[in-house]
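# here's a sequence, model it:
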Amino acid sequence: MLWLIFAIIGYISFAIIFILDKIIVSKKLSRPVVYTFYSTIFMFVALFALPSLGFPLLVGVDWLWALVSGVSFGFGLWTLFIALKNNETTHISPFNGAFVTVFVYFFSNLFLGEQITGLKQVAVIILICSALLLSFEKTRKSVKGFHVGFHVGFLWAILSGLFFAISHVSAKYLYGIYPFWTAFIWSRASTGLVGLFTLFFPAVYLSFKKKHKQTDKINKNKHVAVFIIIDKLLSVVGVVSIQYAIAIGSVTVVNALIGVQYIFMFLFVFLLTKFYPKVFREYFVKKELFIEVVAILLVVVSTALFVF
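Purely as a prediction, here's the structure:
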């Protein structure tokens with residue numbers, strides 16, 4: 001069960017990444033498109049460097065699937081950052097993950113021929129129910145009130161789930177044809193095209209000028225840099241671990257194991273809110289906390305059904 005070990009390592013990494021992304025997007029870099037640029041543009045350089053490093057080239061139409069996988073991954077990040085900008089991470093992360101799993105289930109069945117029957121189909125239904133539960137959150141005006149909020153943050157999270165699912169399934173197709181590192185490197189390198197695309201947005205190219213003018217904010221920028229470096233190092237560990245688990249296991253089952261990420265993320269958020277609120281804080285009321293725990297437990301149950 002080597003794929004299981006890599007999946008768990010990857011999801012624990014992403015539990016931390018989600019929290020760092022929320023801190024960076026909401027407090028450090030106010031524009032998700034700017035953070036998307038810094039998260040993807042370095043991969044564009046790899047498109048030119050990889051051939052000289054001796055990585056084998058893909059053949060024919062496989063270039064298209066590598067492009068689809070990489071670009072959809074980049075847009076998945078972008079839309080996820082927008083979702084995180086609008087909502088709390090303990091709502092967005094499980095909601096987004098549930099839709100990634102649902103979309104992967106259908107795409108892998110349709111295009112890869114992965115047959116998921118019996119209890120696994122029940123697991124998909126439970127995931128959808130847990131996603132709906134996670135749309136319950138406290139109102140902004142009254143901590144006693146709740147509403148079912150398919151507002152803008154959740155809509156962006158659904159779109160992000162679609163992009164990530166397209167990326168995972170197209171990558172799985174390539175893993176079945178090429179050695180892991182060949183398929184992984186070329187499909188991730190094309191993510192840099194999204195970073196290139198963000199240069200057309202004023203918020204991105206104007207951010208370069210601001211860096212030269214705002215010399216009085218050097219210390220703050222250093223803290224931003226530390227957060228981003230840690231985030232990106234963990235991203236490498238998380239992405240490689242998850243993609244390798246997908247390569248040697250079932251893409252649907254690996255994605256269903258995202259329940260591990262929710263458990264650790266919820267634990268980290270709760271501990272930070274309680275002991276280090278200046279670093280990261282989410283406001284919990286008892287009713288909301290109960291609903292989140294129930295929803296996450298449902299995700300864990302559905303994960304068990306996928307595995308067993």
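# residue 306 is in contact with residue 252, isn't it?
Yes - contact criterion Cβ atoms under 8 Å: residue 306 and residue 252 qualify, at 7.2 Å. The way it works is simple: take the backbone N, C-alpha and C, and place the C-beta from them, glycine included.
# quick check: neighbours shared by these two?
residue 120 (Cβ atoms under 8 Å, 6 or more residues apart in numbering).
# quick one: contacts for the residue nearest to residue 70 when sequence neighbours are not counted?
Leaving aside its chain neighbours, residue 70 sits nearest to residue 190 (2.9 Å; criterion: Cβ to Cβ, 6 or more residues apart in numbering). Going by Cβ under 8 Å, 6+ apart, residue 190 touches 43, 47, 66-67, 69-71.
# could you redo the last one with a cut-off of 10 Å?
Residue 190 sits next to 43-44, 46-47, 63, 66-74 when contact means Cβ atoms under 10 Å, 6 or more residues apart in numbering.
# which residue packs closest to residue 40, ignoring adjacent ones?
Excluding the flanking residues, the one nearest residue 40 by Cβ to Cβ, 6+ apart is residue 195, at 3.5 Å.
# so which helix or strand takes in that neighbour?
helix 192-198 (DSSP states H and E).
# ok, residue 238 next?
Under the criterion of DSSP H and E, residue 238 resides in helix 218-248.
# average pLDDT across whichever helix or strand comes after that helix?
Sequence-wise, the next helix or strand downstream of helix 218-248 (DSSP H and E) is helix 251-256. Computed over helix 251-256, the mean pLDDT rounds to 84.
# distance check, the residue nearest to residue 249 when sequence neighbours are not counted against residue 104.
Excluding the flanking residues, the one nearest residue 249 by Cβ to Cβ, 6+ apart is residue 3, at 3.3 Å. Counting by Cβ to Cβ, to the nearest Å, the gap from residue 3 to residue 104 is 15 Å.
# more neighbours: those two, which one.
Between residue 3 and residue 104, counting by other Cβ atoms under 10 Å, residue 104 is the more crowded of the two (30 against 19).
# next, the contact list for that one, please.
By Cβ under 10 Å, 6+ apart, the contact set of residue 104 is 112, 114, 116, 124, 161, 164-169, 172, 246, 250-256.
# gap between it and residue 16?
Residue 104 is 23 Å from residue 16, by Cβ to Cβ.
# show me where pLDDT drops low in the protein?
Along the chain, segments meeting pLDDT under 70 span 25-30, 48-54, 116, 134-151, 210-224, 283-285, 307-308.
# mind running it again at 50?
139-148, 214-219 (pLDDT under 50).
# surely residue 97 and residue 164 touch.
Yes - if you go by Cβ atoms under 10 Å, residue 97 and residue 164 touch, sitting 8.9 Å apart.
# which residues do the two both contact?
By Cβ under 10 Å, 6+ apart, residue 97 and residue 164 have these common neighbours: residue 255.
# quick one: the helices in the protein?
2-23, 32-49, 62-86, 89-107, 119-133, 152-175, 180-189, 192-198, 202-213, 218-248, 251-256, 259-275, 286-307 (DSSP state H).
# of the ones you listed, which approaches residue 56 most closely?
helix 180-189 (5.3 Å; Cβ to Cβ).
# if you count neighbours, what's buried in that closest one?
Residues of helix 180-189 classed as buried by neighbour count (16 or more other Cβ atoms under 10 Å): 182-189.
# return the member of those nearest to residue 80.
Of these, the one sitting nearest to residue 80 (Cβ to Cβ) turns out to be residue 188, at 16.4 Å.
# quick check: residue 178 vs residue 185, distance?
10 Å.
# how many neighbouring residues does residue 208 have?
9.
# list the contacts for residue 231?
16-21, 23-24, 35, 38-39.
# and with 7 Å instead?
17, 20-21, 24 (Cβ atoms under 7 Å, 6 or more residues apart in numbering).
# one more: residue 182?
55-56.
# rerun that using 8 Å as the cut-off
With contact set as Cβ under 8 Å, 6+ apart, residue 182 has these partners: 55-56, 58.
# which of the residues you listed has the most neighbours?
Comparing the contacts of residue 182 on neighbour count, residue 58 comes out first with 19 neighbours (neighbours: other Cβ under 10 Å).
# quick check: that residue touching residue 178?
Yes - at 7.0 Å, residue 58 counts as touching residue 178 under the criterion of Cβ under 8 Å.
# residue 232 and residue 186, how far apart?
Using Cβ to Cβ, we find residue 232 at a distance of 20 Å from residue 186.
# repeat that for residue 252.
23 Å.
# what do you get for residue 98?
Residue 98 sits 29 Å away from residue 186, taking Cβ to Cβ as the criterion.
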